[in-house]
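>>> below is the structure, and that's it, no one-letter string:
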């Protein structure tokens, strides 16, 4: 219930958990007031029309117990990949666990917890924290901002080149049952820098119901190159409502890959604003659902300036009685001439009970642009299935092969080989191998 | 815009004249007594009055849709509109010879001769002037095959059972705000019934004309194609130039029974208002067809060039197995026009197929939105949809928006949606100019090419008119 959350927020104001630099207090207060005013969105709100947030809005959610008591590095092994020298920041039930984390950083790169940065690094945070993701954008963002306390902070200084990715790993334990966490991440990639960041949401308690409400803000300075991978493997009884807001500047390149496999309800909003010319943005997504799962992806790309290119492909594989929602918006301002934007959403239905609601949306105010979008919903191609079987591949194997091929088309776009391999592994594991 | 693309002078709206004719008008305002008055004037049976009153009571509880459509306009004062206006000389429809010569002259000026002898093309016309039908051509010839083509009022009197059976069966009185308003106050419209197995030998057509000031036009069209029947229907419309906005809230219902096919074509050229956005028609229309029987087909083709605001979504409910729905649309906005238009294809039956082709052209400060829904219900096995919506922008003060909703609940179905936005390329114009065409003709050729897929669906006469209209609508925006 939004009332109890507001009461909790009011009780926290001024206590130790709400500490931070002076400039942060008005930000938290505005967010608190905003949420108190709006409450949770209603199904009549166009942005939330197809998202069944009832269980979140009607539930009573306590704060997650802090600390990583009893969690060992071995337990995290299934969620770690790549090489041992990668920096990994581990958060247990929303709180940074230094003992489980490993940081091996190069000069010019800082990575740590937001809670620590709020104490020590206010000057770095002030121009960015809550400056990118507006609290007016969504009640969930307002709520996250009001509870803002911990999460990952990555700062890659001008010209620095990150050779290995930084992995932000958010783990929930059985103690988080019935609780809510509000991770808050800030990724700042300075001028001409190059970085790869992985954001994972996983659980040690696959049967638990809890709610993760993360917000990630990303600033990509002129000439920077960023690959941002988001892996969501929450408990299939959990709720996940996340938002990523990216601000890109001149000549920068941002590519994102979003894998969503977990959650009873998992929603992710990806908003990218192109603030200057000659920007390139690639957005890839893959969602796999089964049982009664609902996967909801909303993306918005704001072409505010001329001569930018954006390319988006989101694909879904649905089984059981699961549901997928996709809404992709492309906004092209009158001054954004020579925009080249392409958006695709393709859905594969593996069962009769699965449902898809897709809404690719274009809002164009400039004439000299090339904008296209496409959406398809269907099942495996009968001809391809027949062909595979005529070559001696048994029907179930042929179906798995074709389904994997459908997914592989987007996974192949991930630039970093170890990340690509891990995504491949996760998808194959879900599909039951080849 | 580049140097070679300069402004031309906007051509006058040539249908903007007013016919000076004595009219029988109802007082302004909307209340139950007005509805009783309309019903009494039309000598309607008690059940129809009750149906209207029920719709009105429902309407009073509804709110005007302002949040979701991508259009803006000042609030409409529903008490400041006349809901009935009829040329005083109208007789209960008899022979065309009795029609007031002034009215015949009006239609001749509009290019719609009601005199059958003079008619070159074999098209039967029902002419609607403000609130009433003033004449229907070729009635006798159609009657020979059992086809009923008459004004709605006449159908209520002559064929009450058919009207009662199908009225509101596709667009219920409670469907939406403007449909409910129409159900309460509709004054006339056309009625078509094509009996079993009959292919209608000629195109049927309704020509709508708004003449009186301060009135709204609320007509209702009902077309029924019985088993195995087929009919092609055309609709055209114009209105005088006035500074006030006028409301046009029509309802069109189509019913196609087993094996029947209905083709409905519209060329909408209501007065669009002036360059500052003063005046023009608010075209808030509900059009829907039901493929009730197996193997039936409903096809909508529309060319929307007029109206200050267009809000309409000609839709098809694909209930019968193997039924087919089509929607072909060209929507042009120029000046300050706004259009929020598209379609809904509701797939209920097995093997149902739908095709949507929408072409939006935005110029001046116009805002053009495509809004569509493709819904595949669980029972609609192997349903198939193909959607293509393309936009063309001319200048950067206009906007093109697409809001397609695709809801699929059956895995054996397949839906495809494609959309693109482009402009008239300088290189295309250059090429045509060096082949000897002037800029104006070059643009006209490019725009017509862009719309070709839709124009080819129109009956011949309409296709020619539509191409001309497109040229007129875009004049002044490119040069």
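Okay, I see it. Since the model is a prediction, treat every value here as computed from it, not as a measurement.
>>> just the closest residue of the stretch 1-150 of chain A to chain B, please.
In the stretch 1-150 of chain A, the residue that lies nearest chain B is residue A:46 (6.9 Å; Cβ to the nearest Cβ). Quick note: C-beta positions are derived from backbone N, CA and C, even for glycine.
>>> neighbours of the closest residue to that residue other than its chain neighbours, just the number please.
Spatial nearest neighbour of residue A:46, excluding adjacent residues (Cβ to Cβ, 6 or more residues apart in numbering or on different chains): residue B:68 at 6.9 Å. When neighbours are defined as other Cβ atoms under 10 Å in any protein chain shown, residue B:68 has 11 of them.
>>> does residue B:68 belong to a helix, a strand or coil?
Under the three-state scheme (DSSP: H, G, I helix; E, B strand; the rest coil), residue B:68 adopts coil.
>>> can you list contacts of the lowest-mean-pLDDT helix or strand in chain A?
Sorted by mean pLDDT, DSSP states H and E, the helices and strands of chain A end with helix A:2-12, the least confident at a mean of 77. Where contact means Cβ atoms under 8 Å, 6 or more residues apart in numbering or on different chains, the residues beyond helix A:2-12 that reach it are A:18, A:32, A:35-36, A:39-40, A:57, A:60-61, A:63, A:143, A:146-147.
>>> try 6 Å
Contact with helix A:2-12 is made by A:18, A:32, A:36, A:39, A:40, A:60, A:146, as judged by Cβ atoms under 6 Å, 6 or more residues apart in numbering or on different chains.
>>> for residue A:143, see how far away the fourth one is.
Going back to what we said before, that points to residue A:39. 10 Å (Cβ to Cβ, to the nearest Å).
>>> between the two, who's got more neighbours?
The neighbour comparison of residue A:39 against residue A:143 (other Cβ under 10 Å) goes to residue A:143, with 27 against 15.
>>> for that one, pull up the helix or strand it's in.
Secondary structure assignment for residue A:143, by DSSP states H and E: helix A:139-146.
>>> all helices of the chain, in order?
The chain I'm using is chain A. For chain A, the helices defined by DSSP state H cover A:2-12, A:24-38, A:54-58, A:73-76, A:114-120, A:122-125, A:139-146, A:382-390, A:395-411, A:417-431.
>>> let me rephrase: I mean chain B.
Here chain B has its helices, by DSSP H, at B:32-41, B:46-60, B:101-109, B:139-143, B:152-158, B:160-166, B:177-185, B:426-434, B:439-455, B:460-474.
>>> and those helices: which comes nearest residue A:406?
Nearest to residue A:406 among the helices of chain B is helix B:439-455 (30.2 Å), distances taken as Cβ to Cβ.
>>> what packs against the closest one?
In terms of contacts (3 or more Cβ pairs under 6 Å, 6 or more residues apart in numbering or on different chains; DSSP states H and E), helix B:439-455 is packed against strand B:324-333, strand B:353-362, helix B:426-434, helix B:460-474.
>>> who in chain A is up against chain B?
Residues of chain A lying close to chain B by Cβ under 6 Å from any Cβ of the partner chain are A:334, A:349, A:351-352, A:355-359, A:361-368, A:371-379.
>>> mind putting the helices and strands packed on helix B:439-455 into CSV with mean pLDDT and distance to residue A:183?
Converted to CSV, the helices and strands packed on helix B:439-455 look like this (pLDDT from 0 to 100; distance: least, Cβ to Cβ, whole Å):
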stretch, mean pLDDT, distance to residue A:183
strand B:324-333, 93, 46
strand B:353-362, 94, 42
helix B:426-434, 89, 50
helix B:460-474, 73, 53
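>>> now those as a markdown table including distance to residue B:298?
Converted to a markdown table, the helices and strands packed on helix B:439-455 look like this (distance: least, Cβ to Cβ, whole Å):
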| stretch | distance to residue B:298 |
| --- | --- |
| strand B:324-333 | 6 |
| strand B:353-362 | 10 |
| helix B:426-434 | 36 |
| helix B:460-474 | 18 |
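>>> deepest of the ones you listed, which one?
Ranked by mean neighbour count under mean count of other Cβ atoms under 10 Å in any protein chain shown, the helices and strands packed on helix B:439-455 are led by strand B:324-333, which reaches a mean of 26.
>>> show the model's pLDDT score for the residue of the stretch 1-150 of chain B found nearest chain A.
Relative to chain A, the nearest point of the stretch 1-150 of chain B is residue B:68 (6.9 Å; Cβ to the nearest Cβ). With respect to pLDDT, residue B:68 scores 83.
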